[in-house]
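Novice: just the structure for this:
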Amino acid sequence: GAGNSSRLHKKLVRDEKVAVFAAGFNWKMKDPGLFLLLAGYMPFVPAEAVEKLLIEEVDKLAAEGPTEAELDKAKNMLTAQHTFELTSLWQMGIGLGQAEVVEGDYHRFSTSMAAYDKVTIDDVKRVAGKYLTKERLTLAVLTPAAAGDKVEKAAATEIEESKGETATWPTAERYLNLKGTEAAPVNLPPITRKTLANGLRLLVVERREQPVVYFDLKVPGGNLIEPKGKAGAAALLAEMLTHGTKTRSADQIAQEVEGLGGSIQGYSDTDYLALSGQFLARDFQNGLQLFADAALNPTFPEDEMGKAKQPLVAAVRMTKDDPNAMAKENLSYAVYGYDNPKGRPASEATLTSVTTDDLKALYKLAFAPKGSLLTVVGDVDGAKTAQALEAAFSSWSGGGAAPALPADPQPLKGAKVRLIDKPDLTQSSI
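Specialist: Next up, the predicted model:
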């Protein structure tokens with residue numbers, strides 16, 4: 001039920017194009033748990049259409065069961081997820097606590113993988129047929145207001161306790177005589193650094209505690225090199241890196257990556273474009289091949305643009321209902337102005353205007369080995385990993401002069417107040 005190669009994502013997001021995301025997961029509880037199917041859809045899509053498709057996929061699973069390949073992929077994803085959890089004390093704490101409280105034995109955190117491995121196709125059919133039925137179904141639909149709809153403002157509420165005196169305490173005194181602690185020595189793991197002939201810098205960090213490996217490629221540029229009227233192009237470019245290459249379609253990329261229990265994700269920031277990935281260490285070579293393919297050979301296919309834009313447009317719409325996000329956007333505009341990319345947040349209009357030619361031009365401008373940094377961290381050998389990275393990325397060329405960055409904004413003169421009236425909200429953000 002999870003991932004871009006799942007039945008739900010392929011059916012609702014890619015094939016029918018009625019949702020921006022779709023997934024299913026099992027919510028364990030001490031009392032009888034819940035199996036949840038989730039889908040986020042645009043306001044112009046009927047909720048009934050989304051519900052119908054979700055139920056059809058559940059009925060099909062109960063009747064036919066998963067394929068052998070789907071079952072193997074699910075087991076690989078669960079194994080990888082558990083292994084990645086072991087790299088974080090926070091996630092281990094949550095996992096151990098849940099196993100003890102919900103399942104009655106913290107050892108289940110470690111033994112559950114063996115239980116997953118025993119699950120068969122018939123087991124999945126039996127459980128789906130018994131529990132995922134219409135008689136047991138509860139449906140919840142949250143439909144936000146469409147553009148132009150008038151929304152009645154909710155009446156302001158007052159908490160009884162707020163009428164009393166405000167609690168006070170000697171805050172300053174609590175921190176006057178704190179004793180400092182001695183800094184513990186930092187023991188860095190082995191680090192291998194290398195710069196390839198094409199200018200790409202490599203950084204390999206050996207962390208052997210768990211059999212995992214992480215990739216991260218950062219390329220200078222990001223939002224700062226977006227043309228006027230194309231705000232959001234950098235985020236769209238990053239998203240499209242995994243939507244098709246010269247040798248793989250978007251579906252093939254998702255199937256191969258998730259079949260290994262791994263992930264590859266593009267993202268952008270103000271100053272850079274990036275591609276990250278994580279895999280089990282045993283799959284390092286296959287993961288590297290997929291990662292390098294996405295970074296070096298994207299084709300930005302026209303038929304994938306709409307699918308990639310949908311979640312970004314949905315995120316822009318959600319921003320309009322988030323007073324904190326709106327306050328930050330308008331602060332950036334007030335400080336930097338429209339002439340600086342930092343003052344030009346993405347909108348539905350700018351995202352819609354971005355074309356495949358825009359992305360290809362931006363990729364050609366920004367994606368160059370010189371100035372870029374590729375970091376690999378995990379259960380790897382530094383020297384051997386650097387050799388593998390050089391073999392995968394030494395042919396990368398392109399790019400000349402670094403992308404031109406905007407001039408620094410002029411200092412503000414005097415105080416300014418920018419008020420955004422949102423009568424449908426009951427709170428304000430400053």
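
Novice: please save the CA atoms from the helix or strand where Val58 lies in PDB.
Specialist: Element membership of Val58, judged by DSSP states H and E, is helix 47-64. Coordinates of each C-alpha in helix 47-64 appear next as PDB, following Å, rounded to 0.1, in the frame of the first residue of the first chain:
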ATOM      1  CA  ALA A  47     -15.200  11.900  -3.400                       C
ATOM      2  CA  GLU A  48     -17.300   9.100  -4.600                       C
ATOM      3  CA  ALA A  49     -14.900   8.400  -7.400                       C
ATOM      4  CA  VAL A  50     -12.000   8.100  -5.100                       C
ATOM      5  CA  GLU A  51     -13.800   5.900  -2.700                       C
ATOM      6  CA  LYS A  52     -15.000   3.600  -5.500                       C
ATOM      7  CA  LEU A  53     -11.400   3.100  -6.800                       C
ATOM      8  CA  LEU A  54     -10.000   2.500  -3.300                       C
ATOM      9  CA  ILE A  55     -12.700  -0.200  -2.600                       C
ATOM     10  CA  GLU A  56     -12.100  -1.800  -6.000                       C
ATOM     11  CA  GLU A  57      -8.400  -2.300  -5.300                       C
ATOM     12  CA  VAL A  58      -9.200  -3.800  -1.800                       C
ATOM     13  CA  ASP A  59     -11.700  -6.200  -3.400                       C
ATOM     14  CA  LYS A  60      -9.200  -7.200  -6.000                       C
ATOM     15  CA  LEU A  61      -6.500  -7.900  -3.400                       C
ATOM     16  CA  ALA A  62      -9.000 -10.100  -1.400                       C
ATOM     17  CA  ALA A  63     -10.000 -12.000  -4.500                       C
ATOM     18  CA  GLU A  64      -6.700 -12.500  -6.200                       C
END
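
Novice: so where do the strands sit in this protein?
Specialist: Assigned by DSSP state E, the strands in the chain fall at 21-27, 34-40, 191-195, 201-206, 212-220, 263-268, 272-280, 373-378.

Novice: quick revisit: tell me the mean pLDDT over the helix holding Val58?
Specialist: For helix 47-64, the mean per-residue pLDDT is 93.

Novice: between that helix and strand 21-27, what angle do the directions make?
Specialist: Relative orientation of helix 47-64 and strand 21-27, computed by axes from the mean of the first three to the mean of the last three Cα atoms, to 10 degrees: 60 degrees.

Novice: list the contacts of helix 47-64.
Specialist: Outside helix 47-64, the residues that touch it by Cβ atoms under 8 Å, 6 or more residues apart in numbering are 7-8, 11-12, 16, 18-19, 22, 37, 39, 41, 124-125, 128-129, 132, 134, 137, 139, 141, 143. (Glycine included, C-beta is placed from N, CA and C.)

Novice: can you turn the buried part of those residues into a ChimeraX selection?
Specialist: Of those, the buried ones can be selected in ChimeraX as follows, counting by 16 or more other Cβ atoms under 10 Å:
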select :7,8,11,12,18,19,22,37,39,41,124,125,128,132
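
Novice: what's the end-to-end length of stretch 270-289?
Specialist: In stretch 270-289, first residue to last residue: 28 Å (Cα to Cα, to the nearest Å).

Novice: re earlier: could you dump the strands of the chain to a markdown table with distance to Gln387?
Specialist: Below are the strands of the chain laid out as a markdown table (distance: least, Cβ to Cβ, whole Å):
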| stretch | distance to Gln387 |
| --- | --- |
| strand 21-27 | 38 |
| strand 34-40 | 43 |
| strand 191-195 | 9 |
| strand 201-206 | 10 |
| strand 212-220 | 15 |
| strand 263-268 | 22 |
| strand 272-280 | 18 |
| strand 373-378 | 12 |
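
Novice: dump the residue contacts of Tyr363.
Specialist: 237, 298, 300.

Novice: what is the least confident helix or strand in this structure?
Specialist: helix 171-174 (a mean of 60; mean pLDDT, DSSP states H and E).

Novice: per-residue pLDDT, the most centrally placed residue in the chain?
Specialist: The residue lying closest to the centre of the chain (Cα atoms, centre = their mean) is Gln265, at 6.8 Å. Reading off the confidence values, Gln265 has pLDDT 96.

Novice: which residue packs closest to it, ignoring adjacent ones?
Specialist: Ser276 (5.6 Å; Cβ to Cβ, 6 or more residues apart in numbering).

Novice: that neighbour: neighbour count?
Specialist: A count of nearby residues for Ser276, using other Cβ atoms under 10 Å, gives 16.

Novice: hmm, it is touching Tyr214, no?
Specialist: Yes - the criterion here is Cβ atoms under 8 Å, and Ser276 meets it with Tyr214 at 7.3 Å.
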